[in-house]
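# The sequence and its predicted three-dimensional model are supplied below.
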Amino acid sequence: MLMFVSAAAPVPTTAPLRLLRKADSSERTQSAQAGYPAAQTDFFEVFMEFLSNGFTLDICAGAFPLSTDSMLLQDFVRLPANARALDLGSGCGTLGVLLCAKDTACHVTGIELDETAHNAALENIRRNALQERMVSICADLRMIPGDLIPGSFDCCVSNPPYYSGGPASSTAPLARRDDCCTTDALFAAASKMLKYGGDFFLVHKPERLAQLCACAAAHSLEPKRLCTVRHKPDGQVSLILLSCRKGGKPGLTWEEACLKDADGNPSQYYRSIYHI
């Protein structure tokens, strides 16, 4: 069972959803331009997460915190037995730790461009005694190291930056620059590393769906599952979860999810993900 508590302040079972979402790249840019210290922004206020089954997450300043996006994605991922998973743009290793907690037989390799986030991932691996099951590599996903064999992974996962137009300065952290993680580069890397029949799982914004499907088709990845996520039943779709299969046949299943019920309380879906 997974349950998450903040080191800074306990998160009640009805925790505001704003504390659990990922800050998109436009918000990160505004914060950086305003000169706010990391600890004074909503999306940097949690630096460690404790999992009730003994796992923990260290979140370094400037990296994505544990978010609803990550929780939705780890729940959406379907792992085959003894899966070898590749996390593209793995940050502090959040998805890798979540997947290892979800499936005790899976092995996860993360590729992260930012050295600070990569070092935090190494600490998360050490702290959780996952050295035999999880690896973090500091590298550019556009130039995957040669010791990672193409076509050797059962699945790929990614929780990428949602928007282009990030900081233009060459001094900005590499992981925040849209030129380092384009949608096309992401799908190209997934297609290259997946086995035939392997799946690529990602979370993104609904307005990018057409682009995601076009990139998938360009790299021999067939969309197979689409889940639309709303914050409330009568609200707009705010997130999508998409899985694409390498060499898959046409045929898409559509799922829906909602984070709050009609009364504004956490929905059964939300509670099932957080086990509350």
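That came in fine, so what should we check first?

# Please work out which residues outside stretch 210-220 touch it.
Stretch 210-220 is touched from outside by 183-184, 186-188, 190-191, 200, 202, 204, 222-223, 242, 244, 246-247, with contacts defined as CB atoms under 8 Å, 6 or more residues apart in numbering. (Glycine included, C-beta is placed from N, CA and C.)

# Filter these down to the ones in helices?
Among the contacts of stretch 210-220, DSSP state H puts 183-184, 186-188, 190-191 in helices.

# nearest to D69, of the residues you listed?
Minimum distance to D69 across the ones in helices among the contacts of stretch 210-220 is 15.3 Å, recorded for L186 (CB to CB).

# Now for the closest one: which residues touch it?
L186 sits in contact with 88-89, 141, 158, 160, 202, 215, where contact means CB under 8 Å, 6+ apart.

# for the stretch 151-276 of the chain, what are the low-confidence residue spans?
163-180 (pLDDT under 70).

# give the contact list for the residue nearest the centre of the chain.
Centroid-nearest residue in the chain: N159, 2.9 Å away (criterion: CA atoms, centre = their mean). By CB under 8 Å, 6+ apart, N159 lies in contact with 22, 64, 67, 69-70, 73, 89, 91, 94-95, 202-203.

# residue boundaries of the helices in this protein?
Counting by DSSP H, the chain has these helices, from start to end: 25-34, 68-76, 94-102, 115-127, 183-193, 209-218, 268-274.

# for the ones you listed, which one ends up most surrounded?
Across those, averaging neighbours per residue (mean count of other CB atoms under 10 Å) puts helix 94-102 on top, at a mean of 24.

# Give the rounded mean pLDDT of that one.
For helix 94-102, mean pLDDT rounds to 93.

# Using PDB, list the CA coordinates for that helix.
Extracted C-alpha coordinates of helix 94-102, given in PDB (Å, rounded to 0.1, in the frame of the first residue of the first chain):
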ATOM      1  CA  THR A  94      10.200   9.800  -8.600                       C
ATOM      2  CA  LEU A  95       8.600   7.500 -11.100                       C
ATOM      3  CA  GLY A  96      11.200   4.800 -10.700                       C
ATOM      4  CA  VAL A  97      10.700   4.600  -7.000                       C
ATOM      5  CA  LEU A  98       6.900   4.600  -7.400                       C
ATOM      6  CA  LEU A  99       7.100   1.800 -10.000                       C
ATOM      7  CA  CYS A 100       9.500  -0.200  -7.800                       C
ATOM      8  CA  ALA A 101       7.100   0.200  -4.900                       C
ATOM      9  CA  LYS A 102       4.200  -0.800  -7.100                       C
END
